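>>> Quick one: sequence and predicted model below, then my questions.
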Amino acid sequence: MHLLRVQVPEFRALKNVDIEFEKDFIPKVFPLGSQNGGGKSTLLQLIFVLLHCSSHPDRLPFLNNLLAQVSIPEGESHKVLAKMDIWDGEKVVSMEFLCCNDTFLESLKSNGTATIGDISFASPFREKPLTEKQSQTSGKISQSTNEMNNLKVITEMTEVQKSDIMGKKTLLEEQLKLLNAELEVTKQEISVVRSMVESLMEFLRVEKLHYITGSSNAEKQPLLCRIVGMEVSETKSFLSKLADKIFLAAPSTQVYLFLSPDNRKLLFKAGTVDNYGTALKESKTKLPGFFTYNITSTEVITKSFIVARDQDFAERVNTGRYSGDHYQQVLNEMKQLLATGKKILPQLNPKDNTVEGVRFTTEDGTELYPENLSHGELKRLGICVWSRKIENAIVLMDEVENAFHPDWQYQIVLDLTEWGPTNQYILATHSYELCRALTPAHVKDLEPKLLPVR
Amino acid sequence: MSFQSKKEHEQLIEQQCQAIMKSTHIRNKIVVLCEGDIPTPGLRTVIGYQQLQKRPDADFYTACIPSSWTQKKPEFFSCGGRGNVLDTYFKLLELHREPRSDSYLDRNRLFAIVDLDLQVQPTGKDYLFPNTEAIFKSLYQGTKVNQQKASQHRIWVTGLIYKEAYFLIPELQPVFDDYSVPLTFNSQPLQLENIYLALGNDMDSDTNLMDNLTTACERISYCTELDCSSINQLKSSWLTQFQSVTDKEQKDELVYALLMIKPVKKYWEEQTQPEPNPFNPPLERLRDRLTLAIGHFYSTEGEKSDTEHHIPIFFKTLHQFV
Ligand SMILES: Nc1ncnc2c1ncn2[C@@H]1O[C@H](COP(=O)(O)OP(=O)(O)OP(=O)(O)O)[C@@H](O)[C@H]1O
Ligand SMILES: [Mg+2]
């Protein structure tokens, strides 16, 4: 996958953004520059969340957090959030993400020829309260029926008792009649709503608009996606394919627009930064394409040792021969990433020999704890292990040069093309040195150019 | 220098030296002076880089640094023309005769690399070798670098006529073949062989080569089959040889001989064209990316222990000074 072009008319700090990332540029690494606050991080997050979250219901909350403040201007029927052209290996796929309101449906209806009944973006949200009501009523019905069944007249009863029970029974019967009538009405309502939802979806299907969100503000302005020349079903499957091919790496102390507003505030309140970290960690379990550069990157490295050991073991089982090649390879590769004169080894738990971490030593064997490694070394190790698992993907990286000496800022471009040669990289950066590893035409400017003077 | 008074020239060199000495990023590093436009100061931002018309010349050499050399990389400075590079080199040495506290430069790690060219350029009087041609003779043997002597050289000359000749060596054919934009030469898909033939054919219309035939012929004396008695003889013997030899090594020797003496810039700049196509980018932009790919070739080549390419060996030699 290769992002060829992204256009954002207006989103937070972004205005009239239109950037092209040429397909035949080698290496496929594009620095993205602007002043501080120019909107680089905003753009990367917008692209990532739209492409990574749109097709997975459990990721929709992130999408909704990001879109929470988007509103369609007064009197307008929709707002285009972003247009993207993507090369899927065979053809250019032109996609558009837009927020729409009911006026949008009306205008489409008046253009179209099909006669369609009442449709509204609100309909999908009316079903839930009705089904809740339905189950409540059903509950009440079964409760009353139970009560009825327990009321039995036996011969030993006095006449007074008997007539008391009969009275109760009549009362319950009345109640049940009412409840059943109510249930019928609700069922009817549900089926009306369902058919309205069906007409809405059918209408969208005919218009080739894929319906994405089901969040609270989607009632008024849901997010839709349209891909030129694709039926809704194709759009859907393309989006879910794309979701596995988009990645975002960024510093852990950044404001992430896809976290909830409350979580975002944690970053700035004294003593709650740790909680921000927790929120971030939680989000990472749901967003497999999201990576933060931080100390926990040693976890990723540890994992690569475990994987190598398992591979060696599997080889032993399958071939009867133990070479330890995988392990040795990881060891060598890791060593190359450290500044000269340092070694890296997995740390074993003395009780059961499981790999529980990594340890570092100087060339003469003096122990170095991960915290004694430089920030840059840890970051480079982490990026290496992470990016090597990624193939044919669009990889967005924010502030990748932080903590790197100018030599390593230049180097990271070469590193990335070596570690994940099939990927496209878009790097939000302030580093001149990083750009020097590429050509001036590779570098993209977020601020729109002045129009040529005529 | 004709447009400048001697005084202006000296001022310019002095300024250039000051700019280098005051660059914090050269601390503890090897510094190499090279040819190329002197960069405008104050443009070291991302957008500043984007707005450059073309990739700075010095960055070609940086792109050739072997890929495993990731720390304390040499820093290249473009210092203008060949004469300016040498003047700057000697001025810097002069300024650092005594240790000084106002400079980040380490004089023991100062180098220069200039184009061989056809005209002979004298070096400073104190230098081990009197001129560029003498450096060439000591530094190269046939098509190869004389590695025994390499580490005594602080001023390198290219082993081919210009840096640009390194963009056209036979081993680069696969780089051009695999390039993401189809390339052409004389409206045909780019085959280096055709460029060599064109270069060979144009020998007798090249006044620069004719005027410096003696120098040129000394350089290629390792090719005993070539007849240097006149430019016409040289041309025809080269063409005959080139079209008849089948042995790859012999053929490469002929190509290297050609690239040592025949000016190539024009061929590189004007005739290495993309296929005509409205979507193709402006030429300088394409050439920028091509030289980057070529730099990558030399950088990868530098990882091989038995490489004989000039540029990787230059870096191997430099690496001893880290
Ligand atoms: N709703 C909004 N509308 C417009 N601008 C906003 C909105 N919310 C935040 N901003 C502004 O957007 C900018 C954030 O941009 P962003 O963090 O993407 O910039 P950046 O290019 O990554 O900057 P840096 O280089 O400093 O990381 C800030 O200046 C912020 O004030
Ligand atoms: Mg930012």
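Looks like it arrived, so ask away. Residues are numbered from 1 along each chain as shown, chains lettered A, B, ... in the order given. Ligands and ions are numbered 1, 2, ... in the order given.
>>> Next, count neighbours for A:Asn158.
Actually, residue A:158 is Thr. It isn't Asn. Using other CB atoms under 10 Å in any protein chain shown, A:Thr158 is surrounded by 8 other residues. No exception for glycine: its C-beta is placed from N, CA and C like everyone else's.
>>> For it, what are phi and psi?
Dihedral pair for A:Thr158: phi -80, psi 160, per degrees, to the nearest 10.
>>> ok, now the one 4 residues further on?
Taking degrees, to the nearest 10, you get phi -60, psi -50 for the backbone angles of A:Lys162.
>>> Grab the nearest non-local neighbour of the residue in the stretch 201-350 of chain A positioned nearest to ligand 1.
In the stretch 201-350 of chain A, the residue that lies nearest ligand 1 is A:Val255 (6.9 Å; CB to the nearest ligand atom). Nearest residue to A:Val255 in three dimensions, chain neighbours excluded: A:Arg264, at 5.8 Å (CB to CB, 6 or more residues apart in numbering or on different chains).
>>> Surely the one you found is in a strand?
No. Going by DSSP: H, G, I helix; E, B strand; the rest coil, the assignment for A:Arg264 is helix, not a strand.
>>> and it, how many neighbours does it have?
With neighbours defined by other CB under 10 Å, the count for A:Arg264 comes to 16.
>>> Could you check the pLDDT of it?
If you check A:Arg264, the pLDDT there is 84.
>>> could you list every residue that touches it?
A:Arg264 makes contact with A:Val255, A:Tyr256, A:Leu257, according to CB atoms under 8 Å, 6 or more residues apart in numbering or on different chains.
>>> Can you check the residues you listed and name whichever has the most neighbours?
Among those, the one with the most neighbours (other CB under 10 Å) is A:Tyr256, at 25 neighbours.
>>> Tell me how far it lies from B:Lys265.
Plainly put, A:Tyr256 is 51 Å away from B:Lys265 if you go by CB to CB, to the nearest Å.
>>> same deal with A:Thr361?
Going from A:Thr361 to B:Lys265 by CB to CB gives 52 Å.
>>> any chance you could map the helices in the stretch 351-454 of chain A?
A:375-388, A:406-419, A:432-436 (DSSP state H, counting those that start in this stretch).
>>> Equivalent analysis for the stretch 151-300 of chain B, please.
Going by DSSP H, counting those that start in this stretch, the stretch 151-300 of chain B shows helices at B:173-177, B:192-201, B:207-211, B:213-219, B:231-244, B:248-261, B:265-266, B:283-301.
>>> which one of the ones you listed lies closest to A:Met157?
Proximity to A:Met157 (CB to CB) singles out helix B:283-301 among the helices of the stretch 151-300 of chain B, at 99.8 Å.
>>> Just want the angle from that closest one to helix A:406-419.
80 degrees (axes from the mean of the first three to the mean of the last three CA atoms, to 10 degrees).
>>> now helix B:283-301, how far from the centre of its chain.
Offset of helix B:283-301 from its chain centre (CA atoms, centre = their mean, to the nearest Å): 14 Å.
>>> Likewise for stretch A:3-22?
Remark: stretch A:3-22 is offset 20 Å from the chain centroid, using CA atoms, centre = their mean.
>>> Ok, stretch A:146-160 next?
The mean C-alpha position of stretch A:146-160 is separated from the chain mean by 61 Å, CA atoms, centre = their mean.
>>> contacts for that stretch?
So stretch A:146-160 is contacted by A:Lys162, A:Ile165, A:Met166, A:Lys168, A:Lys169, A:Leu172, A:Glu173, A:Leu176 (CB under 8 Å, 6+ apart).
>>> what's the next secondary structure element after the helix or strand that contains the second one?
Same thing as A:Ile165. Using DSSP states H and E, A:Ile165 sits within helix A:159-206. Note on helix A:159-206: by DSSP H and E, the next helix or strand toward the C-terminus is strand A:210-211.
>>> After that following strand, which helix or strand is next? Please name it.
strand A:223-227.
>>> picking that back up, any idea which of the helices of the stretch 351-454 of chain A is most buried?
Scoring these by mean neighbour count under mean count of other CB atoms under 10 Å in any protein chain shown gives helix A:432-436 as the most buried, with a mean of 24.
>>> That one and chain B in contact?
Yes. Applying CB under 8 Å from any CB of the partner chain, one finds helix A:432-436 touching chain B at A:Tyr432, A:Leu434, A:Cys435, A:Arg436.
>>> Give me the most central residue, the chain.
Going with chain A. Residue closest to the average C-alpha location in chain A (CA atoms, centre = their mean): A:Cys53, at 3.4 Å.
>>> not what I meant, chain B
Centrality entry for chain B: nearest residue to the mean C-alpha point is B:Lys163, 2.3 Å, by CA atoms, centre = their mean.
>>> Identify the residues contacting the closest residue to ligand 1 within the stretch 51-200 of chain A.
The nearest approach of the stretch 51-200 of chain A to ligand 1 comes at A:Gln69, 5.6 Å away (CB to the nearest ligand atom). A:Gln69 makes contact with A:Arg12 under the criterion CB under 8 Å, 6+ apart.
>>> quick one: it is in a helix?
No. Counting by three-state DSSP, A:Gln69 falls outside a helix, being coil.
>>> can you list the residues of the stretch 301-450 of chain A near ligand 1?
Contact residues, the stretch 301-450 of chain A versus ligand 1 (CB under 6 Å from any ligand atom): A:Ala428.
>>> what does the stretch 101-250 of chain B have sitting close to chain A?
So far as CB under 8 Å from any CB goes, the stretch 101-250 of chain B lies against chain A at B:Tyr179, B:Ser180, B:Val181.
>>> Show me which of these is closest to ligand 1.
Proximity of these to ligand 1 was ranked by CB to the nearest ligand atom; the top entry is B:Ser180 with 29.4 Å.
>>> quick one: the closest one and A:Lys28 touch, right?
No. B:Ser180 is not in contact with A:Lys28 according to CB atoms under 8 Å; the separation is 9.5 Å.
>>> With neighbour numbers in mind, choose between the two.
Per other CB under 10 Å, whichever of B:Ser180 and A:Lys28 has more neighbours is A:Lys28, with 24 against 13.
>>> what is the residue nearest to that one when sequence neighbours are not counted paired to in the beta sheet?
Leaving aside its sequence neighbours, A:Lys28 sits nearest to A:Gln424 (CB to CB, 6+ apart; 4.4 Å). Note on A:Gln424: beta-bridge partners by DSSP bridges are A:Ile394.
>>> give me the number of residues near A:Gln424?
A:Gln424 has 23 nearby residues by other CB under 10 Å.
>>> wait, what's in contact with it?
A:Met1, A:His2, A:Leu3, A:Phe21, A:Lys28, A:Val29, A:Phe30, A:Ala393, A:Ile394, A:Val395.
>>> Which two among those residues are spaced furthest apart?
Greatest spacing in these, by CB to CB: A:Met1 and A:Val29 (15.1 Å).
>>> higher neighbour count, those two?
Set A:Met1 next to A:Val29 and count neighbours by other CB under 10 Å: A:Val29 wins out with 24 against 20.
>>> Tell me, what's the model's pLDDT at the more buried one?
pLDDT, read off for A:Val29, is 97.
>>> tell me the contacts of the nearest residue to it once chain neighbours are set aside?
Once flanking residues are discounted, A:Val29 sits nearest to A:Tyr425: 4.5 Å by CB to CB, 6+ apart. Each residue near A:Tyr425 by CB under 8 Å, 6+ apart is listed here: A:Lys28, A:Val29, A:Phe30, A:Val395, A:Leu396, A:Met397, A:Leu416, A:Thr417.
>>> Can you give me the domain assignment for the chain?
Looking at chain A here, since you left the chain open. A:123-202, A:296-390 (automatic domain parsing).
>>> let's do chain B instead
If you go by automatic domain parsing, chain B breaks into B:3-165+B:309-321, B:170-277.
>>> A:Glu10: which of these is closest?
A:Glu10 sits nearest to domain B:3-165+B:309-321 of all the domains of chain B, at 22.1 Å, using CB to CB.
>>> and that closest one, is it in reach of ligand 1?
No. Remark: domain B:3-165+B:309-321 sits outside contact range of ligand 1, by CB under 6 Å from any ligand atom, the gap being at least 10.0 Å.
>>> That'll do, ta.
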